[in-house]
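Enquirer: Need coordinates for the below:
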Amino acid sequence: MSNITKSGGDDAEFAKPLYTPIKRRSFFMYAGATAGATALLLSGCDDDDNNDSMTPGTVSLGSGDVGVLNYAYALEQLEAAFYAQVKATPAADFSAVEKDYFSQVAAHEAIHRDFLKAAINRDAPGKIIQDLTPVFSSIDFTKRASVLATAKTFEDLGVAAYNGAGKYLKTPAYLVVAGKIVSVEARHAAYVRDLIANGSFADDSIVDAATGLDKAMEPVDVINAAQSFIQQKIDASSVGK
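Expert: Predicted structure coming up:
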């Protein structure tokens, strides 16, 4: 498992807005902290966090905090690729409002993906997973119903993934960012659900009636659900370890 070490930083201005280009936005700016706060860096990752011992073609997400970040990065890659395609070739029966909405979502998911990539490369050099190849052959991007059904699957899965993985993060700043990202994913999920069936944004299929909380899923279960949309075989067995 990754160890956490501390290193000091120089005083700097408060967080810049999320629309600041990713190359100018550090992890702690994104998290709402100052660059002058004490920096938490990932170090000492086990050798088995790499893919050396994996079956060829299998991508290991790793363990410790970097494993959780890679896990989130894999899912954000998938979502970003999906919404980029939706934006590029919108369904013929989308309304103008829906086209505009999905253009905004495409931007959100691209920011999430690029942020996670920058954070991992900065805090855990050499531990980031490869770019994944999406498989969207089962989706008819020309049909509103097909796009919405897939968006619902991805957004519900994304919310459940962050909810289930949060407990495995050891670094407080990472947990703050995960909370910010999952709140956006939940907004996406709610909107898409209402486009499909008005009033279904918080029904019993996603909110536990007993606890009043969104449902959570373990990393292995999330990856199993998403695997058919990703060409590479993903191994999440060490996430949270």
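
Enquirer: burial measure for Val239, as a count.
Expert: As a burial measure, the neighbour count of Val239 was computed by other C-beta atoms under 10 Å and equals 26. Bear in mind the C-beta positions are built from the backbone N, C-alpha and C, glycine included.

Enquirer: Check whether it sits in a helix, strand or coil.
Expert: At Val239 the chain is in coil, as set by DSSP: H, G, I helix; E, B strand; the rest coil.

Enquirer: I'd say it and Tyr71 touch.
Expert: Yes: counting by C-beta atoms under 8 Å, a contact exists between Val239 and Tyr71, whose distance comes to 5.0 Å.

Enquirer: Overlap of the contact sets of the two?
Expert: Residues touching both Val239 and Tyr71 (C-beta atoms under 8 Å, 6 or more residues apart in numbering) are Leu61, Ala165, Pro219.

Enquirer: Outline the domain layout of the protein.
Expert: Per the record, the chain has its domains at 1-49, 58-235, by automatic domain parsing.

Enquirer: Can you check what pLDDT the model gives Pro17?
Expert: The confidence metric pLDDT takes the value 32 at Pro17.

Enquirer: Pick the most deeply packed of the domains of the chain.
Expert: For the domains of the chain, ranked by mean neighbour count under the definition mean count of other C-beta atoms under 10 Å, the leader is domain 58-235 at a mean of 18.

Enquirer: related to what we said a few turns ago, among the shared contacts of Val239 and Tyr71, which lie within helices?
Expert: Secondary-structure check on those using DSSP state H: residues within helices are Ala165, Pro219.

Enquirer: now, among the shared contacts of Val239 and Tyr71, which is nearest to Gly126?
Expert: Within the set of those, Leu61 lies nearest Gly126; the separation is 14.5 Å, counting by C-beta to C-beta.

Enquirer: dump the residue contacts of that closest one.
Expert: Leu61 makes contacts with Gly67, Asn70, Tyr71, Ala74, Ile129, Pro219, Ile234, Asp235, Ala236, Ser238, Val239, as judged by C-beta under 8 Å, 6+ apart.

Enquirer: can you do 10 Å?
Expert: 49, 51, 67-74, 127, 129, 219, 223, 234-240 (C-beta atoms under 10 Å, 6 or more residues apart in numbering).

Enquirer: How about it: what's its closest non-neighbour residue?
Expert: Asn70 (4.3 Å; C-beta to C-beta, 6 or more residues apart in numbering).

Enquirer: Check which helix or strand that neighbour maps to.
Expert: Using DSSP states H and E, Asn70 falls within helix 64-88.

Enquirer: How far off centre is that helix?
Expert: Here helix 64-88 is found 5 Å from its chain centre; the criterion is C-alpha atoms, centre = their mean, to the nearest Å.

Enquirer: That helix packs against which elements?
Expert: Packing partners of helix 64-88 (3 or more C-beta pairs under 10 Å, 6 or more residues apart in numbering; DSSP states H and E): strand 3-7, strand 39-43, strand 58-60, helix 96-123, helix 144-165, helix 172-196, helix 219-226, strand 233-235.
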